[in-house]
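Novice: Next input, structure requested:
(chains A and B)
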Number of protein chains: 2
Amino acid sequence: MTVVAADAAVSQVDAAAAAASTRPRCSTEDMLQLLQDYDCWVFDLDGTIWRGNEVIEGVLEALELLRKLGKKVLFMTNNSMKSRGSYLDKCLQDDIYCSSYSAAAYLDSIGFDRSKKAYVVGERGIMQELAAVGIESFGGPDDNEKRASFSSEMLHDTQVGAVVCGVDPNLSYYKVQYASMCLLLNPGCLFIATNTDARGHFTPNLEWAGAGATVGAIKGVVERDPIVTGKPSPFLMQDIAAKHNVQPAKSIMVGDRLDTDILWGLNTGMATLLVMTGVTDEQLLVAQRGSSNGVKPHFVMDSFGDLRRVAQQALQQQK
Amino acid sequence: MTVVAADAAVSQVDAAAAAASTRPRCSTEDMLQLLQDYDCWVFDLDGTIWRGNEVIEGVLEALELLRKLGKKVLFMTNNSMKSRGSYLDKCLQDDIYCSSYSAAAYLDSIGFDRSKKAYVVGERGIMQELAAVGIESFGGPDDNEKRASFSSEMLHDTQVGAVVCGVDPNLSYYKVQYASMCLLLNPGCLFIATNTDARGHFTPNLEWAGAGATVGAIKGVVERDPIVTGKPSPFLMQDIAAKHNVQPAKSIMVGDRLDTDILWGLNTGMATLLVMTGVTDEQLLVAQRGSSNGVKPHFVMDSFGDLRRVAQQALQQQK
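Specialist: Numbering: from 1, shown residues only, chains lettered A, B, ... in the order given. As a prediction, the model looks like this:
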C-alpha cells in the first residue's frame, strides 16, 4: 500500500511537471529501480562528471557507491584530443573509452592490414591509440606547419589505407587536401571519424569547432560519409560488450548530450539517463519530447550527484 | 526535301550512336537551329573555353562569330579565387560573372546593411567584389597566419552580418572558428557560399580541394546550410537577366560539368549544351542518361570549337 501511495504521489508530481512544460525528474522510487535493473553504468565525462576542470558536486561519491553496489562503471567521451592515459588523473581509474580509442579499436576489429598506414587529421591521442594496436600512422600535429601551394603538384603516400579524423585545432587546407588525396586516389582507403560533434566547450566560456569541422571539410571534397566509431555509433558498445561481458539490456548510458550520449544509448539498446549539468537545457529537452523524431531519454536527473543519497540507502539495505 | 533527307540521315546516326551507348552529338542542322533559337550564350570557362592555360582549338573563333551574329556572349565561372578584373586578359572582354561576383551581387540585391561587415573565408577576389558594391569585409588572405589556441578565449566582431566562403588554399581552424562564431553568435548573420564545388583542377595534373572544403568545415560546426550564389544556384541568372535584358528561354548554357553548369542551366530555365572538353566523359554522360534523376543536357558537342564551321555558314547566309 505504501508503494502505491508513493506511485500516486509521483504521478501527481508528474502531471504538475508536465503541465509546467518541464520533463519530470527521477523519483526516489525510480532511482532505486535503476539501481536494481542495471549492472553496467556508462558515463559521459564533460558535463556529466565534470564541467571544465571542476567535478560536479556529489558525482564522485555516487560513482563510488555504484562500485560498492557491485556495478560495472565505464566512461566514454568523444574527446579525441587526449589518449586514454591522459584521463587517468581526472577519473582515477582505467575503464575509460575515448573516441580516439574507438577509431583504433574499430580498425583492429576489422583486421586492418598492418603493412598499410593511417593518415591522421587530429591530435596526438589518435596516433597513440593507433600505435597501441600496432597501426603505423603519420600526420596529426606533425603536419601542423605544412602548407599547400598551387604553384606545384602535391604527392601523397599510396600506402595509406585509412584516414582517421578527429577534432583538430590546427586543421589546414594542406591536411584536408592530403587526406582527400589518400581517400580519392588510394583504392579502398577507409574514411574514419572518431566522432562528428559540431562543437565542444574546450575553454570555460566558449564553444569551439569540434570534429565536425574536420569531417565536414574532407567530406566536402571527397563527397562520401565517414565511418563514425565514437558516440553515437554503435561500434563501441559492441566492443565494450565483448570485452567486459556486459549486455546492453542490463546497461544504462548517463550523459548530458541528446545528440551523442542519449542517441548512442538508444542506438545500442541501452537505457538512457540524461543529466542537466551540461549542454541540454529544459527548453531543448521539452522540444525533443514534443517532436515525433526527437531524441527522448528514458530518465532525467538534474545531476548525477542526486543519486548519492538513494545509492547510500540501497547500499545499507543490501548490507 | 533536302532538309527532310538530312533529318533522316541524322536519325540514322542517332540510332547508331544510341546503340553504341554514346550520346549523339549535335548535327549541322542542330547547330543551325541553336544559332537561330538562342540570343544569349552563357559559357563556363575552365574545360569549356580553355584547359589549364591553353585555349581550346576553334573556340575563340566560334565566340567571335557568335558576336558577329549579334548574340550576347557571357561567361560564368565558379572560380572565386580571382575577381572579374583578373579574367580580362584571358577572355579579352568584360562580360564575366564569377562566383565571387555572385556573392557580392546577392548581398547587394537583398539590400545588405552597409553598417555591417562581411567576414571572408576565401581569396582576395571575394573581398574586391564586395568592395565594388560598397560592402566592407575583412579576413580572407589577411587571416592566413592567424592561429587559434585553447589556452585563451577568442573574440569576434559582433558587427559581422555575413560570412562569405569560397575556395581557400589557406583554410585553417582559426578561420573556421572565427566564421562559426560570427554565424552562431551574431543574430541574423548570413552564411553565403560562392559555390560548393568539391574539387578543381587548379594545377594541370591534380584535383585540389574546392570551396566544398571551406563550406563543409563551417557547416560541420554551425549545422546549417549556406545560401549558394554561384552555379548551380538560380540567383545569378536572375541578376544577369535583369542587367542584360535577356530571357532564360532565349538563352543557352554551355559547359563541361553536369553538376554545376548543366544543372544550373536546367535550374534557371535555359537550354543546355554539354561539351566534352572538360571533366565529363562518355561513361558519366551515358550513366546520367539512364538514371531517372540524372542531369541530362539538351545538347552535346565534342568541343564548342565544332560550332565554328556552322557559325561561319550562318553568317554568310545572313549577309
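Novice: Now A:Thr214. Its backbone dihedrals?
Specialist: Here is the backbone geometry of A:Thr214 (degrees, to the nearest 10): phi -60, psi -50.
Novice: Alongside chain B, which residues does the stretch 1-150 of chain A contribute?
Specialist: Counting by CB under 8 Å from any CB of the partner chain, the stretch 1-150 of chain A comes close to chain B at A:Arg147, A:Ala148, A:Ser149, A:Phe150. All C-beta atoms are positioned from the backbone trio N, CA, C, and that covers glycine.
Novice: Can I get those residues in a markdown table including secondary structure, distance to A:Gln312 and pLDDT?
Specialist: Converted to a markdown table, the residues of the stretch 1-150 of chain A next to chain B look like this (DSSP: H, G, I helix; E, B strand; the rest coil; distance: CB to CB, whole Å; pLDDT from 0 to 100):
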| residue | secondary structure | distance to A:Gln312 | pLDDT |
| --- | --- | --- | --- |
| A:Arg147 | coil | 58 | 95 |
| A:Ala148 | coil | 59 | 92 |
| A:Ser149 | coil | 64 | 88 |
| A:Phe150 | coil | 65 | 84 |
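Novice: any idea which of these is closest to chain B?
Specialist: Among the residues of the stretch 1-150 of chain A next to chain B, A:Phe150 lies closest to chain B (CB to the nearest CB), at 4.7 Å.
Novice: returning to what we had before: could you identify which of the residues of the stretch 1-150 of chain A next to chain B has the most neighbours?
Specialist: A:Ala148 (20 neighbours; other CB atoms under 10 Å in any protein chain shown).
Novice: Pretty sure that residue sits against A:Lys175.
Specialist: No. At 9.1 Å, A:Ala148 does not count as touching A:Lys175 under the criterion of CB atoms under 8 Å.
Novice: which other residues reach the host helix or strand of A:Leu263?
Specialist: Assigned by DSSP states H and E, A:Leu263 falls within helix A:263-267. Here helix A:263-267 makes contact (CB atoms under 8 Å, 6 or more residues apart in numbering or on different chains) with A:42, A:76, A:231-234, A:236-237, A:252-253, A:255, A:271-272, A:295, A:297.
Novice: Downstream of that helix, the next helix or strand is which one?
Specialist: Remark: after helix A:263-267, the chain's next helix or strand is strand A:271-275, criterion DSSP H and E.
Novice: Contacts only, for the residue nearest to A:Gly210 when sequence neighbours are not counted.
Specialist: Nearest residue to A:Gly210 in three dimensions, chain neighbours excluded: A:Asp197, at 4.0 Å (CB to CB, 6 or more residues apart in numbering or on different chains). For A:Asp197, the contact set (CB under 8 Å, 6+ apart) comprises A:Asn78, A:Val167, A:Gly210, A:Ala211, A:Gly212, A:Thr260.
Novice: repeat that with 10 Å
Specialist: For A:Asp197, the contact set (CB atoms under 10 Å, 6 or more residues apart in numbering or on different chains) comprises A:78-80, A:99, A:166-167, A:209-213, A:215, A:230-232, A:257, A:259-260, B:220-221.
Novice: try A:Leu307
Specialist: By CB under 10 Å, 6+ apart, the contact list for A:Leu307 reads A:26, A:31, A:34-35, A:41, A:58-59, A:61-63, A:65-66, A:254, A:273, A:275, A:301, A:314.
Novice: State whether it is indeed within a strand.
Specialist: No. With DSSP: H, G, I helix; E, B strand; the rest coil as the criterion, A:Leu307 is helix rather than part of a strand.
Novice: secondary structure class for A:Tyr97?
Specialist: strand.
Novice: Return the members of the contacts of A:Leu307 classed as buried.
Specialist: A:26, A:31, A:34-35, A:41, A:59, A:62-63, A:65-66, A:254, A:273, A:275, A:301, A:314 (16 or more other CB atoms under 10 Å in any protein chain shown).
Novice: Might you enumerate the residues of the stretch 201-319 of chain A proximal to chain B?
Specialist: Within the stretch 201-319 of chain A, the positions adjacent to chain B are A:202-223, A:259 by CB under 10 Å from any CB of the partner chain.
Novice: what packs against the host helix or strand of A:Asp108?
Specialist: If you go by DSSP H and E, A:Asp108 is part of helix A:99-109. Judged by 3 or more CB pairs under 10 Å, 6 or more residues apart in numbering or on different chains; DSSP states H and E, the packing partners of helix A:99-109 are strand A:72-77, helix A:84-91, strand A:117-121, helix A:124-132, strand A:160-165, strand A:190-193, strand A:227-228, helix A:235-244.
Novice: For chain A, name the helix or strand with the lowest mean pLDDT.
Specialist: helix A:2-19 (a mean of 44; mean pLDDT, DSSP states H and E).
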